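Q: Sequence plus predicted model, see below.
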Amino acid sequence: MGLLLKLSGKNIKELDLYLEIAVDTIIEGKTVAFPTDSVYGIGGDPLNYELIEKVYQIKFRDRTKGLLILVADMEEAAKLAEFNKESKILADKYWPGQLTLILKRKTSCIVPEEVSASKETIGIRIPDNEIVLTILKKLKERGHFGGIIGTSANYSGEKPSVSGDEVAKKFLNPIDLIIDNGKSKSKIPTTIVDCTSKRPNIIRLGVISEEDIMNVLSKIK
């Protein structure tokens with residue numbers, strides 16, 4: 001079993017130390033599980049080929065399905081993907097938050113194509129969870145890419161984990177570091193919108209409704 005860090009009850013100084021440990025773990029190319037806006041995620045450095053391979057293996061994930069990237073801000077997102085008018089408006093409205101955008105990979109995309117299953121698209125989100133967002137910002141402050149793989153912490157096809165303890169009990173292949181901040185406040189997944197065509201396509205409905213998405217897009221002139 002990997003290291004389990006419980007954040008509940010920690011003061012600011014202790015919490016900052018734990019998040020620095022998480023950043024060190026990611027930079028070292030190891031796997032990390034963490035709370036997100038909804039369920040728990042698992043991932044690590046998306047620039048590391050061995051880490052990418054390990055995440056696929058841990059989840060028994062189909063290699064034709066890409067992995068989501070969580071980023072600290074729009075500056076980091078712009079290193080990966082091209083934003084058209086529709087995706088830029090949705091990002092401005094819902095990021096940080098529970099909206100994942102499927103975008104066209106830049107030809108200069110800094111993460112290996114294996115992250116997105118060798119496709120010309122990539123899934124990106126700026127999370128609104130204070131823990132993971134702080135980790136992303138700390139990575140950037142250290143001069144590292146401010147992004148991590150953020151796929152759900154579950155075996156492919158099974159229900160996502162909703163606590164650090166559940167992650168620790170579920171995975172046979174140990175995760176190097178589990179950041180436990182208690183049970184997820186929301187078990188509803190993020191909404192996913194594909195913005196790679198002229199008309200954005202909702203791939204999965206979550207906290208953000210189809211009506212909300214359409215209302216935002218209807219204001220485009």
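A: That came through fine.
Q: alpha carbons only for contacts and neighbour counts from here, please
A: Will do.
Q: which intervals of this protein have sub-threshold pLDDT?
A: For the chain, the stretches with pLDDT under 70 are 1, 221.
Q: Let's see that with 50 instead.
A: Within the chain, no stretch has pLDDT under 50.
Q: tell me the centre residue of the protein?
A: residue 150 (2.9 Å; C-alpha atoms, centre = their mean).
Q: is it true that it touches residue 56?
A: No. The pair residue 150 / residue 56 is not scored as a contact, 11.9 Å apart, by C-alpha atoms under 8 Å.
Q: need the helices for this structure, in chain order.
A: 12-27, 49-59, 74-77, 85-94, 130-141, 164-170, 210-217 (DSSP state H).
Q: would you turn those into TSV with mean neighbour count and distance to residue 198?
A: Formatted as TSV, these follow (neighbours: other C-alpha atoms under 10 Å; distance: least, C-alpha to C-alpha, whole Å):
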stretch	mean neighbour count	distance to residue 198
helix 12-27	17	36
helix 49-59	18	31
helix 74-77	16	20
helix 85-94	16	9
helix 130-141	20	31
helix 164-170	19	39
helix 210-217	13	12
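Q: quick one: which of these is nearest residue 192?
A: Smallest distance to residue 192 across the helices of the chain (C-alpha to C-alpha): 10.3 Å, for helix 210-217.
Q: Would you mind getting the angle between that closest one and helix 85-94?
A: 110 degrees (axes from the mean of the first three to the mean of the last three C-alpha atoms, to 10 degrees).
Q: what's helix 210-217 packed up against?
A: Packing partners of helix 210-217 (3 or more C-alpha pairs under 8 Å, 6 or more residues apart in numbering; DSSP states H and E): helix 85-94.
Q: do that again at 7 Å, thanks
A: Helices and strands touching helix 210-217, by 3 or more C-alpha pairs under 7 Å, 6 or more residues apart in numbering; DSSP states H and E: there are none.
Q: What is the distance between that helix and the centre of its chain?
A: Here helix 210-217 is found 23 Å from its chain centre; the criterion is C-alpha atoms, centre = their mean, to the nearest Å.
Q: Just the C-alpha atoms of it, please, in CSV.
A: The C-alpha coordinates for helix 210-217 follow below in CSV (Å, rounded to 0.1, in the frame of the first residue of the first chain):
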residue,chain,number,x,y,z
GLU,A,210,-27.8,20.8,-21.1
GLU,A,211,-30.1,23.8,-20.6
ASP,A,212,-27.3,25.8,-18.9
ILE,A,213,-24.9,24.9,-21.7
MET,A,214,-27.3,25.8,-24.5
ASN,A,215,-28.2,29.1,-22.8
VAL,A,216,-24.6,30.1,-22.6
LEU,A,217,-23.9,29.2,-26.3
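Q: which residues are in contact with that helix?
A: residue 86 (C-alpha atoms under 7 Å, 6 or more residues apart in numbering).
Q: Quick check: residue 39 touching residue 159?
A: No. Using C-alpha atoms under 7 Å as the test, residue 39 is too far from residue 159 to be in contact (9.6 Å).
Q: Would you mind telling me which of the two has the busier surroundings?
A: Between residue 39 and residue 159, counted using other C-alpha atoms under 10 Å, residue 39 has the larger neighbour count: 24 against 12.
Q: excluding its backbone neighbours, what's nearest the more buried one?
A: Distances taken as C-alpha to C-alpha, 6 or more residues apart in numbering put residue 162 closest to residue 39, at 5.0 Å, once the chain neighbours are dropped.
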